[in-house]
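[1] Structure for the following, please:
(5 chains, ligands or ions: 5)
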Amino acid sequence: MLGAVLLLAVLPALNRLPADSALHVSDFIVSVSGKWITYAILALAIDLAWGYAGILSLGHGAFFALGGYAIGMHLMRLIGPRGVYGHPTLPDFMVFLGYKELPWYWLGFDHFPFAILMAMAVPGLLAAVVGYLAFRSRITGVYFSIITQAMTYALMLAFFRNDMGFGGNNGFTDFKELLGMPLNTPTARSALFYASLALLVLSYAICSRITQSKLGRVLVAIRDAESRVRFLGYDVTQHKLFVFVLSAVLAGLAGALYVPQVGIINPGEFSPGNSIEAVIWVAVGGRGTLVGALLGAFSVNALKTWLTTVAPDLWLFALGGLFVAVTLFLPRGLIGLVSKVTK
Amino acid sequence: MSDGISPPLGTPKEAAPVLYLDGVSVVFDGFRALNNLSLIVGAGELRAIIGPNGAGKTTMMDVITGKTRPTEGVVRFRDHDLTRLDEATIANLGIGRKFQKPTMFDALTVFENLELALKAPRGPLACLRWALSGEARRRIEAVLEEVGLTARAQDRAAILSHGQRQWLEIGMLLMQDPELLLVDEPVAGMTDQETEHTAALLVRIAGKRSVVVVEHDLEFVRALGSKVTVLCEGSMLSEGSIDHVQNDPRVIEVYLGR
Amino acid sequence: QGAPIKVGVLHSLSGTMAISETALRDTVLMMVEWINGKGGLLGRKVEAVVVDPASNWPLFAEKARELLQVHKVDATFGCWTSVSRKSVLPVFEELNGMLFYPVQYEGEEESKNIFYTGAAPNQQAIPAVEYLMSADGGDAKRIALLGTDYVYPRTTNRILRGFLNSKGIGDADIMEEYTPFGHSDWQGIVARVKRFAGEGKKTAIVSTINGDANVPFYRELGNQGIKAEDIPCVAFSVGEEELAGIDTKPLVGHLAAWNYFMSIKGTPNEEFLKLWRAYIKNPKRVTNDPMEATYTGFRMWTQAVEKAKTTKVDEVRAAMIGQKLMAPCGYEEEMLPNHHLSKPVFIGEVQADGQFNIVWKTPSVVKAENWSPFIPENANRKK
Amino acid sequence: MLRMAFLLLLALPARAQEDYAATLPGLAGGFGEIAGAVERLGALGDPRALPVLQALQDGRLLKTADGHVLLPQGAGFVDAATGQPAEAAGAEAVRLNNRVRQALRGALGRLQLVSPDAAQRGAAAEAIFRSRSAEDVPPLQAAIAREQDAGVRAKLELALAAAQLVAADPAAKRDAIARLGAAGTVEARALLIEARAGNPGEAGAIEAAIARIDQSLAIRRAAETLFQGLSLGSVLLLAALGLAVTFGVMGVINMAHGEFVMLGAYATFAVQELCRGIPWLAPWSLPLSVPAAFLVTAACGALLERGLIRHLYGRPLETLLMTFGVGMIIQQAVRLAFGAQNREVISPAWMQGTITLPGGVAVTQNRLWIIVFGLLVLALVFAAIRLTRFGLEMRAVVQNRRIAATMGIRTGRVDAMTFAFGSGLAGMAGVALSQIDNVSPNLGTGYIIDSFMVVVFGGVGSLAGTLVGALTLGVVNKMLEPYAGAVLAKVFVLVAIMLFIQRRPKGLFALKGRAAES
Amino acid sequence: MLRVETIDLSYGASRCLRGVSLEADPGRITCVLGRNGVGKSSLMRSIAGLERIQGGRILWEGKDVSALGPADRARAGIGYVPQGREIFPFLTVQENLETALAAAPRGSKVPEEVFTLFPILKQFLRRRGGDLSGGQQQQLAIARALTARPRLLILDEPTEGIQPSVIKDIARVIRLLAREKNFAVVLVEQYYEFARELADRIAVMVRGEVALGGPIDAMDDEAVRRLLTV
Ligand SMILES: Nc1ncnc2c1ncn2[C@@H]1O[C@H](COP(=O)(O)OP(=O)(O)OP(=O)(O)O)[C@@H](O)[C@H]1O
Ligand SMILES: Nc1ncnc2c1ncn2[C@@H]1O[C@H](COP(=O)(O)OP(=O)(O)OP(=O)(O)O)[C@@H](O)[C@H]1O
Ligand SMILES: NC(N)=O
Ligand SMILES: [Mg+2]
Ligand SMILES: [Mg+2]
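    Ligands and ions are numbered 1, 2, ... in the order given. You can find the predicted model right below:
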């Protein structure tokens, strides 16, 4: 883990090397690996809930997206009068859709701290409500998975609606700056890269602290025999809610770092397929081990980036085949393979 | 005799009841699993419950631990109305249970199973901060010794044999250190020697705690030396010493056989 | 012989948009083959770099970056939906790339790094509605605006509402309804349109329904017996390619407005069709408007490269403006300084064989107005 | 036909004959002229006009560069004006647009009022209803007088009312208003609204008639909404039934389920293409597709189960992920094999159009059949699971695979057959969906979430739950749609399900009792 | 007859059965005894075909069945009552019993004598197996195995959780099946008294091996008891 972090940490530096140097890393790699790091945080969040507590959320992409929307709203507000219509407060899409004033829920997003707070609070709150209702009624297993899938699907449909005031299908794009940095510069990109890396390390620390504590063992116990845990006197709802909300907050933060790096946030991020894919990263890497989640997120995404270019017609076969092969032959994921090989 | 610590034979009438069931009925789709059942267990009492298969013994434990809500009747533990509380709250009041079918956490080791059962603050943050003290470790090791699983402490519970699982269940119950122990068929699948061991263990505990044991093994029940309640078709059929119930013709008819 | 000139192909080959976009990938590849057959460009071979952004908008941005930074393409042909274009736009601007966007869209945009070879609203939507309101088009007095819920239909319909209002059709005579992408159950909406039409004025439907949702929509129109002579429906996103998946017999007489139809007569189109048939080798495959726009864009780009004698983006961009081409639609199109084309507009009627019968056309090309006068906010737009 | 027309001609005054000839060149002009000519030809009452107009409607009427109009006759053409054979070389078809079509309908209607064919007379009545004018009153009255067929007669009466509404006679007009009001159709309502402006004197009567129509329309609309809901529900039911088996019974979360539905639709397409060349078979292609799609997808399902899924029993969430990968592969394979474009599946005549139920409730035939089909498939599944030995073994194997084997049950075969059965059901759903949706590689993606919602909402493992769940979701969705719009309606329904599940965590028809808790 | 010849079984690295041999003849009752975790159930599962043995072989009626799966062994006449009941929780009592008819000819019915033995089952035919009490489930598990009319009956602690009168009935039936119907019976028991009363032969297992075995009459009670205690 440490090695991997170090390797990632020097990426932007390697990028500064002359292009013909053997160690040179292209701009492109730097910019996509920043994005992969945010994916890795999402994977970590999913693994905490699924791998340990057995809460398989098929809607974690929603928390990621909500975090992204929060920061996206901030970025939109920062555009200010630089939009094509020159409106001092309204983003362009609102102008040409005929909005006269900013909807109330856009207020405050011109402040960065508020936006970051919302990037955590909104996913956290949603997770708290959905989780509380579900856990309290003892909705478990696939029922919970499908409920969360419905949640993200409903959000997707809702955000697609132009009338929601979130830019509909297009979402937000064409951001200009963040914290005074113009976004389309290498400096901004490495800053975001390091911010993501820092969050990754922090999330990893939090997750491993949890999984190694007795709380981690309670979660595993809940995963295996939820009702038995209750008879031992543990309030299962509380424990599940704790990890689920934490996991959602991490996902939200990951989303907040993702959006300025990819330059767009739109309802497609809520699509159930995205959430499933994120779960697959975890499964491919190795569910129930934190390193596995990271490994999965990086390897699947790197493979996808590579294959969609070298085999644009066939990459779905390769990726689909990988999912099949890993679940079939590597029940403990790539990490299982790694530990087998090193043994 | 009435200091509430040493276990008396039979219920000391003067001791405040720990567990109080009155007129409890449980109906499943029209079938009365419990039928107007009343039962009082005093502090420090050891009580054996026997009765035909399907008499409602396990259902009674379900009612006490909050797993099943009674259709009617009163269920009290000290001053608490158990019919309104959930399982975790009831457990935290000090009621521990060993299940008829052993259930534990397969992915955890035997040691960790016991650690989870150990009486300690149960909230998520408390669990996060929890560190295994020397004292706690010693208690776990003592229980491991007691249930004969010391050698298996680091094995995952999943690979235990049926009898070993029974013992682990008992161990977890001991770790909880409850006021009231509900023990459902503890010696099923144990050898004769283990059965004796278990009986002695329960008798020892009963001094400080109240214990309700369900069993079909009458040798074991005899070894407990406690008052015996016979359930049948959801209500009490007979009550008294083991010799008394064993000679009760109704008990012979429905339960013991000729 | 220098190093090959690279062109990026940024069209979804999987996911929901593959239905429409794969044909455009084929068109670009056909044009690459064509130019190489003519000895290449500036004496160099042209090479296509095909990537699959998989109908995933952030992936579009990533792939655009990859094309520009890793493959160093000189020009890119790609995108279909507006959101995919919006997603790559900052990347093209940051890295100073050049994108040819071949699909009709809502306007309200202008980037120095993008050439828009599809129609702006005034080159498709407005003429179509004018036609519906003419005697030939059936004298429509009530209009149902049905669309997929996203920015292109929303904006187009906003423009149309402004236009209709300016022609004396009040809001009471306009119905507007949106459905999600891939909507498949049109029973209720078609029934509501029927009811809307039952108010005693000649009614027409203007459809900005996109992609997959069209097949079930037209089936429902047919099954609920909405005949073109009673309630004609004019579509802006239904072309030959879409009709290939529909049994068109019940739909004869319904309309589409485009800047190109496969059934157009004349040498330029014949050449285009010949090229396509030779390339695709499947007699059933049709051509459509975005394909023609791709073709036109590609040809104009080669002309501009030849004029600039380099593939450098800045020089080619300068050379692009004013490029003229006799396009397959049979008119000479010109790249305007606003990076849009001048184009003719045609109205075609669906025929039983899945082709369009042209019933109306503009007398000459129309210049693109990407900033619509019917959007009042455009008045105080920064120039 | 043409000869008869010429015989009738003898009875006509000469001026009309000249008019006929003078009007014809108009058909060679622009759309406006054509429409004018058509209207005149219809009004002339010249029987020679009928074949001309029919040829025009069928797109077989030709025009020459010098303005002659040629009519197909036998293998060749005749000049429509003279009846003399003419050379068709260089002539092109007279084209139509909607304006011409509209004129044609009216004109043909007037001419066909005397047709011996009842269906044609009925169509004529409807045509006149739509393009009515005051001149239509006398011929309609004559037609009603000689009409024998009650159905056609009713249509003629309605057309007459429509014509009288625009005629001058105030008494007839009042009568017409009342009759239109009684007709209770949207079309009648439109006529009345149109007439309202021009007849201030009749405003009261017109309002009353409209109110009457509105009342019956409201009832009909409610019935139609219910039908739409049931129809949507039956689509959901079909899509979910396969899942009710693979997920509900076997506990396998098959994310490739949608792809099996899609394969079923492609099987329908393939059967259609195979039957295309064989004329007597072609009309049967859709019914034939049902077993074909079932077999194809069942075989794929068996293959998937034996090859992959069986290694993952007891790990339901892994199956979810694995089948997601399989779904990606199937989808892309179909895309490469058949192309990314939609495939055209033609509906047989009995699946097209609307039928009107008693009370004027109009329902589309394809939807009606799909409801019937959905219920049939449900009955099939019920019988298979509850009434057969196979069903028992299937359920036993799922609950305890190892112990089922020690009972002598060949668990491998049962697993494969169960999964094949579920997949086959998905294929059958694909046949139905090919009739209302795109046949494209993405077809299945749109249904997978809804189907899972149906199964979960109804209660996993309960067929009754699946049925009630599907129909409830369908009807509620359609009831909300007019108020909330299609998107919000769906969002509301999803949220409602999520809240509902709180109350009944295991669905509408949950398994209860001890067995369900452990 | 059943001959288990020096079979080995390991779970991963840990060996569970080491060269275990066992015989069971028609008309005879063989009883396997041993402390918790010595491998009794593993041996039974191996005979029923639920574990893949790594060494030795299992002969049934003269044929080597080691390579057959559990279903084929069931069809060859081996009936199995697993430890811990393992009834089908969501099937009704009736359906639970019918699963055992998998190899029987079409239209076969659950034999009536099953209900004479366990009258409670007749009463609860339509109740789901999972809703029964523990002892009722155990009765159901035995009844289910009998429904298949096996020639070899393996019972893994069948009296666990059953009321005394029914235990007596079960003992009677086991004896009856062996003596009159000529079943071969293999019985795992913890309860030595019960075993003594029924068994013709016994085998006492210690740590994956048969430490002591032979006809019951030849057994030294004390020696057996010693092996059953620590
Ligand atoms: N959910 C349920 N639905 C229907 N009947 C039930 C349900 N739960 C329990 N029963 C019935 O209630 C009765 C009492 O069961 P219970 O498990 O309490 O018996 P028990 O006394 O513990 O028997 P045993 O000694 O066999 O364990 C049984 O007949 C059982 O079948
Ligand atoms: N799946 C498994 N993986 C690893 N070890 C196992 C597994 N199953 C059983 N064991 C171990 O094998 C040994 C024998 O188990 P088995 O269940 O056969 O014992 P048993 O003699 O039947 O005991 P009991 O009387 O408790 O039922 C035990 O030590 C157990 O822990
Ligand atoms: N630009 C479009 N048609 O989305
Ligand atoms: Mg019990
Ligand atoms: Mg055992």
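[2] rest of the way, CA atoms for contacts and neighbours
    Will do.
[3] what about the residue in the stretch 201-343 of chain A that chain E sits nearest to, which helix or strand?
    Nearest to chain E, among the residues of the stretch 201-343 of chain A, is A:Lys340, at 14.7 Å (CA to the nearest CA). Assigned by DSSP states H and E, A:Lys340 belongs to helix A:333-342.
[4] Now that helix: buried residues?
    Residues of helix A:333-342 classed as buried by neighbour count (16 or more other CA atoms under 10 Å in any protein chain shown): A:333-337.
[5] go on, stretch C:370-383?
    Across stretch C:370-383, burial judged by 16+ other CA under 10 Å covers C:370-372, C:374-375, C:377-378.
[6] for stretch D:397-414, same thing?
    Buried-residue list, stretch D:397-414, by 16+ other CA under 10 Å: D:397-412, D:414.
[7] Take those residues and keep only those in helices.
    Judged by DSSP state H, the buried residues of stretch D:397-414 include D:397-399, D:401-406, D:411-412, D:414 as members of helices.
[8] sec struct for the residue nearest to A:Val262 when sequence neighbours are not counted, please.
    Distance criterion CA to CA, 6 or more residues apart in numbering or on different chains; nearest residue to A:Val262, sequence neighbours excluded, is C:Pro58 at 6.3 Å. The assignment at C:Pro58 comes out as helix when based on DSSP: H, G, I helix; E, B strand; the rest coil.
[9] Can you check the pLDDT for C:Pro58?
    Confidence at C:Pro58, expressed as pLDDT, is 88.
[10] Go ahead and confirm it touches A:Val259.
    No. Between C:Pro58 and A:Val259 there is no contact under CA atoms under 8 Å: 9.2 Å.
[11] Give me the more crowded residue out of these two.
    A:Val259 (27 against 24; other CA atoms under 10 Å in any protein chain shown).
[12] Might you enumerate the residues of chain A proximal to ligand 2?
    Within chain A, no position lies close to ligand 2 (CA under 6 Å from any ligand atom).
[13] Any stretches of chain A with poor pLDDT?
    Low-confidence segments of chain A, defined by pLDDT under 70: A:1-23, A:343.
[14] Now do the helices in it.
    A:2-16, A:27-47, A:60-79, A:92-96, A:112-136, A:141-160, A:186-212, A:214-224, A:226-231, A:236-262, A:272-285, A:290-310, A:315-329, A:333-342.
[15] Tell me the one of the ones in helices among the buried residues of stretch D:397-414 nearest B:Phe99?
    Lowest distance from B:Phe99 to these (CA to CA) belongs to D:Gln399, with 21.7 Å.
[16] Let me know the pLDDT of the closest one.
    On the pLDDT scale, D:Gln399 gets 87.
[17] mind checking how far it is from ligand 1?
    18 Å (CA to the nearest ligand atom, to the nearest Å).
[18] Need phi/psi at the spatially closest residue to that residue that is not a sequence neighbour.
    Nearest residue to D:Gln399 in three dimensions, chain neighbours excluded: E:Phe88, at 5.9 Å (CA to CA, 6+ apart). Dihedral pair for E:Phe88: phi -90, psi 110, per degrees, to the nearest 10.
[19] Can you name the residues that contact E:Phe88?
    D:396, D:399-400, E:96, E:129-130 (CA atoms under 8 Å, 6 or more residues apart in numbering or on different chains).
[20] ok, now with 10 Å
    Listed by CA atoms under 10 Å, 6 or more residues apart in numbering or on different chains, the contact set of E:Phe88 reads D:395-401, D:403-404, D:515, E:95-97, E:99, E:128-130, E:137, E:140-141.
[21] repeat for C:Gln303
    C:Gln303 makes contacts with C:41, C:297, C:309, C:316, C:319-320, C:323-325, as judged by CA under 10 Å, 6+ apart.
[22] again, but for D:Asn98
    So, once contact is read as CA under 10 Å, 6+ apart, D:Asn98 ends up touching C:136-138, C:227-232, C:252-255, C:349, C:359, D:31, D:35, D:104.
[23] In strands, which of these fall?
    C:255, C:349, C:359 (DSSP state E).
[24] quick one: which of those is nearest chain A?
    C:Leu255 (26.6 Å).
[25] Test my guess that the closest one contacts C:Thr248.
    No. Assessed by CA atoms under 10 Å, C:Leu255 is found out of contact with C:Thr248, at 11.8 Å.
[26] Find the residues that touch each one of those two.
    Residues within reach of C:Leu255 and of C:Thr248 at once, by CA under 10 Å, 6+ apart, are C:350-351.
[27] who touches residue 47 in this structure?
    Just so you know, I chose chain A. A:41, A:53-57, A:207, A:247, A:278-279, A:281-283, A:286-294.
[28] Chain C, not that one
    Applying CA under 10 Å, 6+ apart to C:Glu47 gives the contacts C:3-8, C:29, C:32-33, C:36, C:40, C:73.
[29] Which members of these are classed as buried?
    Using 16+ other CA under 10 Å, the buried ones in the contacts of C:Glu47 are C:5-8, C:29, C:32-33, C:36, C:40, C:73.
[30] Distance check, D:Glu224 against ligand 3.
    Going from D:Glu224 to ligand 3 by CA to the nearest ligand atom gives 33 Å.
[31] so D:Ala118 sits right up against D:Asp149, yeah?
    Yes. With contact defined as CA under 10 Å, D:Ala118 counts as touching D:Asp149 (7.2 Å).
[32] related to what we said a few turns ago, out of the helices of chain A, deepest packed?
    Highest mean neighbour count among the helices of chain A (mean count of other CA atoms under 10 Å in any protein chain shown): helix A:60-79, with a mean of 29.
[33] can you tell me if that one touches chain C.
    No. On the criterion CA under 10 Å from any CA of the partner chain, helix A:60-79 is out of touch with chain C, staying 12.2 Å away.
[34] Dump the C-alpha coordinates for that helix into CSV.
    Taking C-alpha atoms only, helix A:60-79 is exported to CSV below (Å, rounded to 0.1, in the frame of the first residue of the first chain):
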residue,chain,number,x,y,z
HIS,A,60,-23.2,4.0,-4.1
GLY,A,61,-22.7,5.8,-7.4
ALA,A,62,-25.5,8.1,-6.2
PHE,A,63,-23.5,9.3,-3.2
PHE,A,64,-20.5,9.8,-5.5
ALA,A,65,-22.7,11.8,-7.9
LEU,A,66,-24.3,13.9,-5.2
GLY,A,67,-20.8,14.9,-3.9
GLY,A,68,-20.0,15.7,-7.5
TYR,A,69,-23.1,17.8,-8.0
ALA,A,70,-22.3,19.7,-4.8
ILE,A,71,-18.9,20.7,-6.0
GLY,A,72,-20.3,21.1,-9.5
MET,A,73,-22.7,23.7,-8.3
HIS,A,74,-19.8,25.5,-6.7
LEU,A,75,-17.9,25.5,-9.9
MET,A,76,-20.9,26.7,-11.8
ARG,A,77,-21.4,29.6,-9.5
LEU,A,78,-17.7,30.5,-9.8
ILE,A,79,-18.2,31.0,-13.6
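[35] ok, and does it reach over to chain D?
    No. Helix A:60-79 is not in contact with chain D by CA under 10 Å from any CA; minimum separation 14.7 Å.
[36] tilt between that helix and helix A:272-285?
    Between helix A:60-79 and helix A:272-285, the angle comes out at 120 degrees (axes from the mean of the first three to the mean of the last three CA atoms, to 10 degrees).
[37] now for helix A:60-79, which elements pack on it?
    Helix A:60-79 sits against helix A:27-47, helix A:112-136, helix A:141-160, strand A:172-173, strand A:177-178, helix A:236-262, strand A:264-265, helix A:272-285, with contacts defined as 3 or more CA pairs under 10 Å, 6 or more residues apart in numbering or on different chains; DSSP states H and E.
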